[in-house]
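# Prediction below, plus the sequence it came from.
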Amino acid sequence: MDLVTALARARGPQAPGPDSPAGPAVRPWPGPARPLPDAGAGQLDLGRLLRLSLAASDASGRLRPAPSAGALHPVDARLVVGTDCPLPPGYYGYDPLRHLVHRLGPAPDDPRPGATVELTVTARRTISHYGHRAWPLLLLDTGHAAAALWLAARSLGVGHATADLDGRSESPLAAVRFVPPDTPRSVAGAPAPGDLTARRSARPPLGGAPPRGLLRTVLAAAVEASAGELAWCAAVGPPHPGLVEPAADGTLRRLAAGDARPALAAWAAGQSWIADTGAVLLGHGCPSDAEAPRIRRAHLRAGFAVHMAHVTAGRHGLASRPVGSWQQADLGAALGAAPGGDWIVHGLALGTTHSGEGTP
């Protein structure tokens, strides 16, 4: 099935069928595994980068720094290692459960300094639970993984990082490139390593409306990270329920009146707890007539942006939980525009109280 058809089906009301086996938790890379050596002076610290971004922290593999729909973690990472790295130049497959790599082949001729992490997916893992709703979630998960890698580089000051989320490639879906610095340097505003290893999706319910200033801050993080690919707003509850969006002067302006959270709960696969959450951040766009590259780009950017907002929320003491599965969520039509032009792509539930799991 092509991606355009897959997205149309995922946005429809049809429920997925029964679960099927998810298969191995990690892609079975060929060849013997080897540890990631410690980085020397002037080298890119690949081991710490991957530990802060993709590595599992429990034996089941469910607890990882990057959120994933259903904790299924379908994203696979292949390393293209050049010079100035603790590993010899070459291609490597990464095992996030054991934090080991498998050498896949020699490097390209004249390898560049640094390394690139190419992100692909094992679709079966997400399809096993979400069925025909899987493909948007696979793309969102990939965007989250790219953001986790990018943030790890900023946190460690290990080099310049660039994320390729242009959507033109089916494989890899995304890539993050790292160029080692002459010396590690601090990055203003970067999260601490502890912020990254502690991030978790808070378990519902997420009560309590975030203060307006913090809501602006979290929205701003999403807007900046989406690079103009999506528009952003937030649904808030009483005492002034409605949809608000960032204004040019940095304030929040009212987009629509009325409490949208019950409708969002119905659109988000019937997750009733959303109707009572403190606020719901929404990234929207990606019209029905979007072609495959734009669909990929919009969803990759949405995952990247929600990840940035998720980490920003945690650093300011808010509980948050990404919400990726949306059906019949035609926000534009709900606000009076022509149908099919403005769909919800990704969301982030926010609150000041939570059940205890996923404490910021």
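Thanks, I have it.

# Walk me through the domains of this protein.
Domain assignment of the chain by automatic domain parsing yields the ranges 3-11+27-197, 212-351.

# so how far is the last one off the chain centroid?
Relative to the chain's own centre, domain 212-351 is displaced by 14 Å; criterion: C-alpha atoms, centre = their mean, to the nearest Å.

# which regions of the stretch 201-350 of the chain lie under the pLDDT threshold?
Of all residues in the stretch 201-350 of the chain, none has pLDDT under 70.

# For stretch 208-218, output the C-alpha coordinates as PDB.
What follows is stretch 208-218, C-alpha atoms only, in PDB (Å, rounded to 0.1, in the frame of the first residue of the first chain):
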ATOM      1  CA  GLY A 208      -4.000  20.900  36.200                       C
ATOM      2  CA  ALA A 209      -3.800  23.600  33.600                       C
ATOM      3  CA  PRO A 210      -0.200  24.800  32.800                       C
ATOM      4  CA  PRO A 211       0.400  28.400  33.600                       C
ATOM      5  CA  ARG A 212       0.000  30.600  30.500                       C
ATOM      6  CA  GLY A 213       3.700  31.500  30.400                       C
ATOM      7  CA  LEU A 214       4.800  27.900  30.500                       C
ATOM      8  CA  LEU A 215       2.300  27.000  27.800                       C
ATOM      9  CA  ARG A 216       3.800  29.800  25.600                       C
ATOM     10  CA  THR A 217       7.300  28.400  26.300                       C
ATOM     11  CA  VAL A 218       6.300  24.800  25.300                       C
END
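
# how about the strands in this protein?
33-35, 75-81, 90-95, 100-106, 115-121, 160-164, 174-179, 231-236, 242-246, 252-257, 279-285, 319-323, 343-351 (DSSP state E).

# export those to JSON lines and tack on distance to residue 12?
From N, CA and C alone the C-beta is placed, and that goes for glycine too. Shown next, in JSON lines, are the strands of the chain (distance: least, C-beta to C-beta, whole Å):
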{"stretch": "strand 33-35", "distance to residue 12": "42"}
{"stretch": "strand 75-81", "distance to residue 12": "25"}
{"stretch": "strand 90-95", "distance to residue 12": "35"}
{"stretch": "strand 100-106", "distance to residue 12": "39"}
{"stretch": "strand 115-121", "distance to residue 12": "22"}
{"stretch": "strand 160-164", "distance to residue 12": "31"}
{"stretch": "strand 174-179", "distance to residue 12": "26"}
{"stretch": "strand 231-236", "distance to residue 12": "22"}
{"stretch": "strand 242-246", "distance to residue 12": "24"}
{"stretch": "strand 252-257", "distance to residue 12": "24"}
{"stretch": "strand 279-285", "distance to residue 12": "18"}
{"stretch": "strand 319-323", "distance to residue 12": "18"}
{"stretch": "strand 343-351", "distance to residue 12": "12"}
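
# of the domains of the chain, which approaches residue 203 most closely?
domain 212-351 (7.7 Å; C-beta to C-beta).

# Let me know how buried residue 158 is, in neighbour terms.
24 (other C-beta atoms under 10 Å).

# Just list the residues touching it, thanks.
When contacts are counted by C-beta atoms under 8 Å, 6 or more residues apart in numbering, residue 158 touches 44, 45, 48, 49, 178, 180, 181, 184.
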